[in-house]
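*Asks:* Show me the folded form of this:
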Amino acid sequence: MMRLKGFLAIYVFIGSMFFITPISAQEVQNKGKLVIIGGGSRPSAMIDRIIKESGIDKSGYGIILPMSSSEPDSAVYYASKQFIEKGLKNIYGLNFVKDELLTTSKVDSIKNAKMIYISGGDQNRFMDIVAGTDIEKAIHNSYSNGNVIAGTSAGAAVMSKMMITGAELKHPEYASTFRNIDVDNIEIGTGLGMLTNVIIDQHFVKRSRYNRLISAVIEHPEMLGIGIDEATAILVSGSNAEVIGDSQVIVLKNPKGSKNVHDDKLGAHGLQLNIYLPGEHFSLN
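*Replies:* Here you go, the predicted structure:
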């Protein structure tokens with residue numbers, strides 16, 4: 001019996017002959033790419049890269065999903081503006097509201113989009129509308145079909161399965177960054193799950209959000225903590241992440257699963273912190 005190592009095989013029977021075409025597991029999955037933006041401005045070169053990776057300058061179309069925003073029309077306008085300025089006329093806004101009766105045509109518009117862009121705003125608002133719906137399934141279908149899923153700020157936070165909501169459980173008054181590294185303080189929701197082994201944080205360097213990502217990797221040591229600064233993104237292809245844009249990406253790991261607690265304060269030993277610059281790559285494994 002013939003064995004093909006590292007490959008899947010398609011067998012086509014014609015008469016009494018078998019033709020075997022080797023196809024790698026990666027090709028069968030045929031997954032697309034993620035562009036996870038840390039918020040703030042989007043450099044022109046970043047937009048160029050999104051266009052190149054998605055191919056929407058050659059065929060197909062892009063969809064803006066503005067449900068994170070309290071002003072979806074404005075979110076569509078600003079999200080699409082840079083694409084339109086580059087001569088693209090195939091970028092469309094598609095808004096949904098909670099418990100909307102979904103039509104096949106609207107869901108298919110997401111599924112078949114070569115680029116899906118999720119605007120900034122409030123990640124909890126976005127997930128409240130799409131979680132468990134055909135919208136969420138269509139986003140995953142588009143990604144599985146080899147298309148690009150992009151998102152900025154709140155649209156970045158929703159990319160991971162374990163989603164930072166922005167709230168502190170023990171300090172309910174809002175602050176743009178955590179002022180404490182406390183046990184059981186960070187609130188985690190459920191995102192889209194485009195990535196299942198990372199936790200994404202955004203506006204990271206500008207808003208000095210180290211405390212909450214440190215808290216996250218101590219409380220959830222199986223996760224890779226990725227803090228993306230403004231005007232910066234990671235381009236994810238398979239298990240590889242490339243930094244694009246103007247600033248830095250901070251990656252935190254807790255390889256020993258270390259966690260100590262004293263009077264509600266978190267401690268840990270052997271944490272790893274790496275700072276990646278534009279053009280550098282790192283593994284998500």
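
*Asks:* longest helix anywhere in the chain?
*Replies:* Criterion DSSP state H: the longest helix present in the chain is helix 72-85.

*Asks:* tell me what that helix is packed against?
*Replies:* Secondary-structure packing of helix 72-85 (3 or more CB pairs under 8 Å, 6 or more residues apart in numbering; DSSP states H and E): helix 44-54, strand 62-65, strand 91-93. Heads up, the C-betas are built off the backbone N, CA and C, glycines and all.

*Asks:* try it again with 6 Å
*Replies:* Other helices and strands packing on helix 72-85, by 3 or more CB pairs under 6 Å, 6 or more residues apart in numbering; DSSP states H and E, are strand 62-65, strand 91-93.

*Asks:* which residues in the protein form helices?
*Replies:* Under DSSP H, the chain gives helices at 25-29, 44-54, 72-85, 104-111, 123-130, 134-144, 154-157, 210-219.

*Asks:* Out of those helices, the one nearest Gly227 is which?
*Replies:* helix 210-219 (5.1 Å; CB to CB).

*Asks:* Need the contact partners of that closest one.
*Replies:* Contact partners of helix 210-219, identified using CB atoms under 6 Å, 6 or more residues apart in numbering, comprise 178, 181, 186, 199, 201, 225, 227, 252, 254, 259, 266, 268.

*Asks:* Ok, stretch 89-98 next?
*Replies:* By CB under 6 Å, 6+ apart, stretch 89-98 touches 61-64, 66-67, 72, 76, 80, 83, 129, 135.

*Asks:* change it to 8 Å
*Replies:* 56, 60-67, 72-73, 75-76, 79-80, 83-84, 102, 106, 109-110, 128-130, 135 (CB atoms under 8 Å, 6 or more residues apart in numbering).

*Asks:* Sketch out the low-pLDDT regions of this structure for me.
*Replies:* 1-30 (pLDDT under 70).

*Asks:* Please report how far Glu136 lies from Asp108.
*Replies:* 15 Å (CB to CB, to the nearest Å).

*Asks:* Neighbour count: the two, which is higher?
*Replies:* Glu136 (18 against 13; other CB atoms under 10 Å).

*Asks:* Could you identify which of the helices of the chain is most buried?
*Replies:* When the helices of the chain are scored by mean count of other CB atoms under 10 Å, the highest mean neighbour count falls to helix 154-157 (a mean of 29).

*Asks:* Give me the distance from that helix to the chain's centre.
*Replies:* 7 Å (CA atoms, centre = their mean, to the nearest Å).

*Asks:* and what of stretch 125-142?
*Replies:* With CA atoms, centre = their mean, you get 13 Å for stretch 125-142.

*Asks:* Would you work out how far apart the start and end of it are?
*Replies:* 22 Å (CA to CA, to the nearest Å).

*Asks:* What of stretch 196-213?
*Replies:* 16 Å.

*Asks:* residue ranges of the strands in the stretch 101-250 of the chain, please?
*Replies:* Here the stretch 101-250 of the chain has its strands, by DSSP state E, counting those that start in this stretch, at 115-118, 148-152, 162-168, 186-190, 198-202, 224-228, 232-237, 240-245, 249-253.

*Asks:* in its sheet, what does the last one sit against?
*Replies:* Each strand pairing with strand 249-253, determined using DSSP bridges, is listed with its direction: strand 224-228 (antiparallel), strand 272-276 (antiparallel).

*Asks:* I appreciate the help and will end here.
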